[in-house]
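Peer 1: Just a sequence and a predicted model for now, questions to come.
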Amino acid sequence: MGHELMARERTRGRPVLPAAFAFLLAVATAASAQSPTMYTCVANGRTYSGDRPPPECYNSDIRELNRDGSLRRVIPRPLTAEEKKAQAIEAKKKADEEERALAQRRRDRSLLEAYASEEEIDAARTKALISSNEVVKRSQVRLDRMAEERKRLMEETEFYKNRETPETIKRALSSNDQERGAELKIIKDAQSEMQRINDRFDADKKRFRELMTQGAQPAQRTY
């Protein structure tokens, strides 16, 4: 009982050590038995030293010194919860940047494998636009035909200025309007697709030119 009381008296007023620091202390004790070293830190404006990490240093960077006083290493203090969070955020940011860089290298390699010159990019663009151009042309032909049909229907309504327009003419005009709207939507969608294609090939051409300026070489081909 007396020994327990004396032990409590010796530890009273000293900082309670975190598990990580306690582990460090145990490791340092074992190491110092083999190779004498000195541990020192500055905490609360005071310098603490010892042949083991002083308990007062549990929240400070600890300098481990060789027997001749030269620095062996610096043991960093434990990170706070906020610092751990910031470190995790920074690590994720770095990982995301590395992933984007890797994805860009893959795209660059694919670009250099696909094209040997800017002219080939332009040729591929023209080929990719053929389908959408054909859609626009066909819809435009149908629109022209609808315009002629509507003109004919409007001329027929002239005969009924002072009379009720027949239902057949009304339905024909309504159908003409609906079909015209559908064709205009088809044209709009095709033009949007053409814009997407042009944007993609513009970006490819710009990047290809940058890679050539940087000294890259297109993949060699066998014909």
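Peer 2: Noted; the coordinates are in hand. Here the structure is a predicted model, which means the values were calculated and not measured. Residues are numbered from 1 along each chain as shown.

Peer 1: Have a look at this protein and report its longest helix.
Peer 2: helix 167-213 (DSSP state H).

Peer 1: now it, how far from the chain's geometric center?
Peer 2: Centroid separation between helix 167-213 and its chain, computed with CA atoms, centre = their mean, to the nearest Å, is 30 Å.

Peer 1: Can you name every helix or strand that it contacts?
Peer 2: For helix 167-213, the elements it packs on are helix 81-114, helix 118-157, judged by 3 or more CB pairs under 8 Å, 6 or more residues apart in numbering; DSSP states H and E. For every residue, glycine as well, the C-beta is placed using N, CA and C.

Peer 1: ranking the ones you listed by burial, who's on top?
Peer 2: Across the helices and strands packed on helix 167-213, averaging neighbours per residue (mean count of other CB atoms under 10 Å) puts helix 118-157 on top, at a mean of 14.

Peer 1: how big is the angle separating that helix from helix 81-114?
Peer 2: Interaxial angle, helix 118-157 versus helix 81-114 (axes from the mean of the first three to the mean of the last three CA atoms, to 10 degrees): 90 degrees.

Peer 1: so residue 60, which of the three states?
Peer 2: coil (DSSP: H, G, I helix; E, B strand; the rest coil).

Peer 1: quick one, what contacts it?
Peer 2: By CB atoms under 8 Å, 6 or more residues apart in numbering, the contact list for residue 60 reads 41, 42, 43, 77.

Peer 1: Pop out the phi and psi values for it.
Peer 2: Per-residue torsions, residue 60: phi -130, psi 160 (degrees, to the nearest 10).

Peer 1: and what of residue 162?
Peer 2: phi -100, psi 10.

Peer 1: dump the residue contacts of residue 54.
Peer 2: Residue 54 touches 39, 40, 41, 48, counting by CB under 8 Å, 6+ apart.

Peer 1: what does stretch 183-195 contact?
Peer 2: The contact list for stretch 183-195, computed with CB under 8 Å, 6+ apart, reads 129, 132, 133, 135, 136, 139, 140, 142, 143, 146.

Peer 1: Only alpha carbons, please: show that stretch as CSV.
Peer 2: C-alpha atoms of stretch 183-195 as CSV (Å, rounded to 0.1, in the frame of the first residue of the first chain):
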residue,chain,number,x,y,z
GLU,A,183,-38.4,18.6,-88.1
LEU,A,184,-37.1,21.8,-86.5
LYS,A,185,-36.4,19.8,-83.3
ILE,A,186,-34.6,17.1,-85.4
ILE,A,187,-32.4,19.9,-87.0
LYS,A,188,-31.7,21.5,-83.6
ASP,A,189,-30.6,18.1,-82.1
ALA,A,190,-28.4,17.4,-85.1
GLN,A,191,-26.8,20.8,-84.9
SER,A,192,-26.1,20.3,-81.2
GLU,A,193,-24.4,17.0,-82.1
MET,A,194,-22.4,18.8,-84.7
GLN,A,195,-21.3,21.4,-82.2
